[in-house]
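Asker: Coordinates only, no sequence provided:
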Ligand code: CAA
């Protein structure tokens, strides 16, 4: 059976940059280290006033289709995953298809379009839908376009404000892919949770501390569920572990617990026993509290071992580099982590074809999904074609007062007329409102 997976990928960052330790922290009365060391974040990307989820998604998709030599007829499906939709009926994919039809010959009239919602995990779910559609042989030889796009803003003074970001990722899902092939096996951890939600409101209601624990619990369940179908996971089986990254500090916590879980009853636990003892087993304790204390002590000691540190530096740290510079992009975040990791392998000149990734996606509300990806022969050309470094370097640097204006400009409840900070160039831009309240766009040459 031919493999199915991600054939190509493009990232578009919001064009404004807010420096967290230098600009945001002093204005909020925080220590810069809370951001750089605690959360692991250095900057956030924001959309300029002419950017939104449609322009960012369309710009990523436009670049991707041009680079891969794709025409609208080659695409049989367009799914957009977002937590920032502005319409309860008309999906963002129709707006993006409309934009793309302005710059390509032909149209997407025979492509199935939709919008996927399950917080940040919706992008991975859209990839799953595309995978199933191709595997079911309903695709007529065509590829699927999956676009994740978010303006991840929190209300002013919400603790989540520190983790904001905005950008889009476009991916082509196809047979015989150039970048990564997806495993058939998947594991899920899913439960009805009220940790982060947006009931008819633009900015989320968040129980931040709880959301961290829900992330860890659901991710653990998904890992256990994956092992039921994918078999035992060994820590050295995977070259990279791209995880959903609301902020790098979250992945730091998740990686430690995942490592503890997958090294249990393995040669690694045996080797570490002389240094930090064996992992506590619940059956050896009279009550849960003492067991949890022992587990927590073991975990603290594990974190300091050379074995764990070198695994983390090799497998996890490279996936966090872009996130540190852009903040949380919700649905895009795990896909940005994948790119970040692969980019680091490419920069090191590593021959990575055939190596595997353990991918952990997560959406609040809440659901985690674990699957495995295998790096393909042509991965290097795909990664070398990205221009994300140039985009990041070209961002306009916001002062705190300008940040406040930009936040107002994107706040649906504010009527703020804010001048654009950058000039659109060969890209889609917001072009005002239509007669039925729809948003309009144009391609600026
Ligand atoms: N030096 C070093 N570290 C410091 C520090 C300093 N001077 N000051 C603080 N820190 C550390 C803290 O110890 C903490 O680290 P630990 O958790 O490891 O202890 C970290 O920096 C953050 O500090 P606080 O906990 O004090 O920060 P906070 O209370 O202001 O908010 C947050 C943290 C709850 C995560 C908040 O940013 C938030 O609500 N974020 C949005 C929700 C979120 O991202 N949740 C993640 C899971 S849900 C998910 O993944 C879905 C999604 O995309 C939203």
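Answerer: Alright, I've got the coordinates. Given the structure is predicted, the values throughout are model-derived calculations rather than measurements.
Asker: The biggest helix by length in the chain: how far from the chain's middle?
Answerer: Longest helix of the chain, by residue count under DSSP state H: helix 208-230. Relative to its chain's centre, helix 208-230 lies at 16 Å (CA atoms, centre = their mean, to the nearest Å).
Asker: Check whether it comes near the ligand.
Answerer: Yes. Helix 208-230 lies within reach of the ligand by CB under 6 Å from any ligand atom, at 208-209, 211-212, 215. (C-beta placed from N, C-alpha, C; glycine too.)
Asker: how far off helix 208-230 does the helix or strand following that helix point, in degrees?
Answerer: Heading C-terminal from helix 208-230, the first helix or strand you meet, by DSSP states H and E, is helix 248-263. Calculated by axes from the mean of the first three to the mean of the last three CA atoms, to 10 degrees, helix 248-263 forms an angle of 40 degrees with helix 208-230.
Asker: Touching, residue 135 and residue 2? I think so.
Answerer: No. Contact status for residue 135 versus residue 2: not in contact, 9.7 Å apart, counting by CB atoms under 8 Å.
Asker: Counting neighbours around each, name which of the two comes out higher.
Answerer: Taking other CB atoms under 10 Å, residue 135 and residue 2 do not tie; residue 135 has more neighbours (15 against 10).
Asker: number of nearby residues for the closest residue to the more buried one other than its chain neighbours?
Answerer: Spatial nearest neighbour of residue 135, excluding adjacent residues (CB to CB, 6 or more residues apart in numbering): residue 4 at 6.2 Å. Other residues near residue 4 come to 23 when the count uses other CB under 10 Å.
Asker: Which pLDDT does the model give residue 4?
Answerer: We have a pLDDT of 98 for residue 4.
Asker: Can you name the residues that contact it?
Answerer: Going by CB atoms under 8 Å, 6 or more residues apart in numbering, residue 4 touches 131, 134-135, 173-175, 177, 181-182.
Asker: Please list the members of the residues you listed that lie in strands.
Answerer: 173-175, 181-182 (DSSP state E).
Asker: on that earlier part again, may I see the buried residues of the longest helix of the chain?
Answerer: For helix 208-230, a neighbour-count test (16 or more other CB atoms under 10 Å) marks 208, 211-212, 214-223, 225-227, 230 as buried.
Asker: which residues touch it?
Answerer: With CB under 8 Å, 6+ apart as the test, helix 208-230 has contacts from 159-160, 183, 185-191, 193, 195-196, 233, 243-244, 246, 250, 253-254, 257-258, 261-262, 360, 362, 364, 366-372.
Asker: what does the stretch 101-250 of the chain have sitting close to the ligand?
Answerer: So far as CB under 6 Å from any ligand atom goes, the stretch 101-250 of the chain lies against the ligand at 120, 159-160, 162-163, 196, 206, 208-209, 211-212, 215, 244, 246-247, 249-250.
Asker: run the last query once more with 8 Å
Answerer: Contact residues (CB under 8 Å from any ligand atom) of the stretch 101-250 of the chain with the ligand: 119-120, 152, 154, 158-163, 195-196, 204, 206-209, 211-212, 214-215, 244, 246-247, 249-250.
Asker: Of these, grab the buried ones for PyMOL.
Answerer: The PyMOL selection below is limited to those of these classed as buried (16+ other CB under 10 Å):
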select buried, resi 119+120+152+154+158+160+161+162+163+195+196+204+206+208+211+212+214+215+244+246+247+249+250
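Asker: ok, now which ones touch the residue most central in space within the chain?
Answerer: Centroid-nearest residue in the chain: residue 333, 1.3 Å away (criterion: CA atoms, centre = their mean). Counting by CB under 8 Å, 6+ apart, residue 333 touches 120, 244-246, 323.
Asker: so how far is residue 103 from the closest residue to the ligand within the stretch 301-445 of the chain?
Answerer: Taking CB to the nearest ligand atom, the ligand has its nearest neighbour within the stretch 301-445 of the chain at residue 364, 4.4 Å off. According to CB to CB, to the nearest Å, residue 364 and residue 103 sit 35 Å apart.
Asker: For the ligand, what's its nearest residue on the chain.
Answerer: Using CB to the nearest ligand atom, the single residue of the chain nearest to the ligand is residue 38, 1.8 Å away.
Asker: Can you get me a residue count around that residue?
Answerer: Each residue near residue 38 was counted by other CB under 10 Å, and the total is 15.
Asker: for the one 3 residues further on, same thing?
Answerer: Residue 41 is surrounded by 29 other residues when neighbours are defined as other CB under 10 Å.
Asker: per-residue pLDDT, it?
Answerer: 98.
Asker: okay but it is in contact with residue 250, surely?
Answerer: No. Using CB under 8 Å, residue 41 is not in contact with residue 250, being 10.5 Å away.
Asker: List the contacts of residue 346.
Answerer: So residue 346 contacts 352, 379-380, 383-384 (CB under 8 Å, 6+ apart).
Asker: re the thing from before, could I have the ChimeraX command that selects the buried members from the contacts of residue 4?
Answerer: Only the buried entries of these go into this ChimeraX selection, using 16+ other CB under 10 Å:
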select :131,134,173,174,175,177,181,182
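Asker: Understood, closing this out.
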